[in-house]
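S.K.: Test case, fold it:
(2 chains)
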Amino acid sequence: MKKENIANFYYDYIQPLLTNKKSLIGLMILLFYILMATIGPVVVPLDMNSNFAERYQKPSLKHPFGTDYFGVDIFQQIVHGSRSVISLTLLASFFAVLIGTVIGVARGYLEGIAGKIIDAIIMVFLVIPSFPALLILAAVFMNYDLNVVEIALLVAVWLWAPLAKQISAQVLSIKSKEFIEASKMLNMPISYILFSDIAKLLIPYIFINFVMQIKGAMEFSVGLMFLGLAKFDPTHWGVMLNYALYQAGALYTAKGFHYLFFIILNIVLLIYGGILLSQGVEEVFNPRLRGNE
Amino acid sequence: MNYFINKTLYLLIVFAIAISGVFVLVNNMPGDPAYGLAVSIAQQRNMQIEQALEIAHKMMGIDPHESIFIRYGKFVSNLLKGNFGYSAFYNTSVNEIIAKSLPWSLFVISLATFLSFTIGIFLGAFAAQKRDTIIEGIISTVSSIIQAIPPFILAVLILFVFSVRLKVLPLGGAYPVDIEPSFSLEFISKIFLHALGPMLAIAIPQMASWTLSMRGNTSQIMEEDFIRFAEARGLRDSVIAAKYVRNNAMLPLVASLAISVGYMLGGQTLVESIFNYPGIGFYFGKAIAVRDFGLLTGLFTLIVIGVILATFIADFVYALIDPRVKLK
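M.R.: You can find the predicted model right below:
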């Protein structure tokens, strides 16, 4: 029975993703960075000591991405930074989806005044421009040493609302289906109806949204770090970009080009992986989603 | 009409909650909001920080012993009078800062929106017509790659390539400091040149997303029955493409145009800061950096008003252009 379930899961969810060109390439890019984040720091040592004899070295065998203003190897920083970039992005996407799902399901299920109140909350978060709001929130917490989970939550607070709105609409349409009525008639507890009946139908939907959040989470967290609003890992790519631009002035020297280039390349490639995967996932699962309506 | 009253009431409530939330958040920021101003006064007039703090509080109209409720009441009554507050860092009213920065932001945003929307609609429709050809492949792939570049990264790239290396674009600002503002041709051309960098950084990602949504909408519409019917009636392909397909595919995009303009007002903090372009976003970034709470709250209020107005306009426009939607 268990084995069958796993096999079904594979044929339903994994195999279509591996046969779609977009999602396959997207998965490969993301997997590459996840490997970089997990194994990379173990294999590649990080030496942050400045070495002025080797400032702004061009990429070479010794320094694959060259060195920065202080003569520190850029490749090492990218590899070590990937750990905080990946964990921050995935955690923020996860929290956004979690908050969005819980609030969306609650809104879809509750009627009357409670529903109206949740509606207003969702609306407020939809209307508030997220990035400026994120900046204010980050400025409030600027003097605290936040860890990765807390920063991810700061970012997620401004990402969940669109998902909650979509999910509440989905739940409202599912709610009126016969089998939910049947569960109600059998006096099943509300928690069972919510988490068993409705959640099952929403899983592909939630998965798509998790992947789609990656772009937003990545952009927000890099932007936040770039502005220097969160004291965090000095090798986070956003922090690196901030150093390159404002501390080292890499923008204004011809020798600094590779410094900017490799930071930007990695940021863009990672976001591109997320976009490709989400496009692929949509192509694969959307017909099925429509079938549910 | 009933619909508009309901909608207006709803948006007003949302506005009140949003603004109050930000007020509470900002007023819980660590540190005295007048501290920054006090430090500069202390330096200018050579006095003790305690004394300077007193003056700073008076200048900003803050009583440190006041409760947050009284401050909130003052904030609301000022807002109702059209007073957005006081900026400690710039030592002037927020209204004045808005008056000099909003035109620059609107200038860049409208240019960027106009360009990205027209080109995006054209490219998207074109790609959908050429379905499964190499042209569609190129347009779609390039658009998704562009979408992967956050606007502020694009801004860094544009600044590096065109301003620093090629020296065809200026390094920053809205116009050169050595020219007096006037309506001369020279000055106006300089204004456009200075706006070009931030404009491109905003417009290019926008264009990519318009292209992709237009392509999606167009290919969806092309499957519809009324297109088959139009073909069966023997209408020319060019007529079908322009009148039946493009107009219908554009409908939802035109409505979201207003919303995207609204959000852009607050979304350009990073781009405007990188180009030192003195729009709303630039001052917002400055306010964050120096913790100018008055300026921060004032600008944020303005941004939220912009978004709410845009949402309202979008609803109205949609009802206006789509005969299927009736205002209830």
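S.K.: The stretch 1-150 of chain B against chain A: which residues are in contact?
M.R.: Contact residues of the stretch 1-150 of chain B with respect to chain A, defined by Cβ under 8 Å from any Cβ of the partner chain, are listed as B:10-11, B:13-15, B:17-18, B:21-22, B:25-26, B:28-31, B:144-145, B:147-150. C-betas here are computed from N, CA, C, even on glycine.
S.K.: how about residue 285, what does it touch?
M.R.: All of this refers to chain A. Counting by Cβ atoms under 8 Å, 6 or more residues apart in numbering or on different chains, residue A:285 touches A:16, A:204, A:207, A:208.
S.K.: looking at chain B here, not the other one
M.R.: Neighbouring residues of residue B:285 by Cβ under 8 Å, 6+ apart: A:135, A:227, B:269, B:270, B:272, B:273.
S.K.: Tell me the secondary structure at it.
M.R.: With DSSP: H, G, I helix; E, B strand; the rest coil as the basis, residue B:285 sits in helix.
S.K.: I'd like to know how far whatever residue of the stretch 151-293 of chain A ends up closest to chain B sits from residue B:308.
M.R.: Chain B sits closest to residue A:272 of the stretch 151-293 of chain A, with a gap of 3.7 Å, by Cβ to the nearest Cβ. Distance check for residue A:272 against residue B:308: by Cβ to Cβ, to the nearest Å, it reads 34 Å.
S.K.: and what of residue B:107?
M.R.: Distance, residue B:107 to residue B:308, by Cβ to Cβ: 22 Å.
S.K.: repeat for residue A:155
M.R.: Residue A:155 is 24 Å from residue B:308, where distance means Cβ to Cβ.
S.K.: for residue A:109, same thing?
M.R.: Distance from residue A:109 to residue B:308, by Cβ to Cβ: 29 Å.
S.K.: okay but residue B:136 is in contact with residue B:125, surely?
M.R.: No: Residue B:136 is beyond contact range of residue B:125, at 11.3 Å (criterion: Cβ atoms under 8 Å).
S.K.: Neighbour count: these two, which is higher?
M.R.: Legend: neighbour count by other Cβ atoms under 10 Å in any protein chain shown for residue B:136 and residue B:125, higher for residue B:125 (22 against 17).
S.K.: Going toward the C-terminus from the helix or strand where that one lies, what's the next helix or strand?
M.R.: Using DSSP states H and E, residue B:125 sits in helix B:94-129. With elements assigned by DSSP H and E, the helix or strand that comes after helix B:94-129 is helix B:134-147.
S.K.: Following element in sequence after that following helix, please.
M.R.: Using DSSP H and E, the helix or strand that follows helix B:134-147 in sequence is helix B:151-158.
S.K.: and residue A:117, what helix or strand is that in?
M.R.: Remark: residue A:117 resides in helix A:112-127, with elements defined by DSSP H and E.
S.K.: Any part of the helix or strand that that helix is followed by near chain B?
M.R.: Next helix or strand after helix A:112-127 toward the C-terminus (DSSP H and E): helix A:130-140. Yes: using Cβ under 8 Å from any Cβ, helix A:130-140 comes into contact with chain B via A:131, A:132, A:133, A:135, A:136, A:137, A:139, A:140.
S.K.: What angle do helix A:112-127 and helix A:130-140 make with each other?
M.R.: Angle, helix A:130-140 to helix A:112-127, by axes from the mean of the first three to the mean of the last three Cα atoms, to 10 degrees: 90 degrees.
S.K.: From the rest of the structure, what touches helix A:130-140?
M.R.: A:154-155, A:157-159, A:220, A:223-224, A:227, A:229-230, B:22, B:25-26, B:28-30, B:266-267, B:269, B:284-285, B:288, B:291, B:296, B:300, B:303.
S.K.: Same check on stretch B:198-212?
M.R.: For stretch B:198-212, contacts defined as Cβ under 8 Å, 6+ apart pick out B:108-109, B:111-113, B:115-117, B:119-121, B:123-124, B:127, B:139-140, B:142-144, B:146-147, B:149-152, B:154-155, B:158, B:253, B:260, B:264, B:268, B:271-272, B:274-275, B:277, B:279.
S.K.: Quick check: ChimeraX command selecting the buried ones in the residues you listed.
M.R.: A single ChimeraX command selects the buried members of the contacts of stretch B:198-212 (16 or more other Cβ atoms under 10 Å in any protein chain shown):
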select /B:108,109,111,112,113,115,116,117,119,120,121,123,124,127,139,140,143,144,146,147,149,150,151,152,154,155,158,253,260,264,268,271,272,274,275,277,279
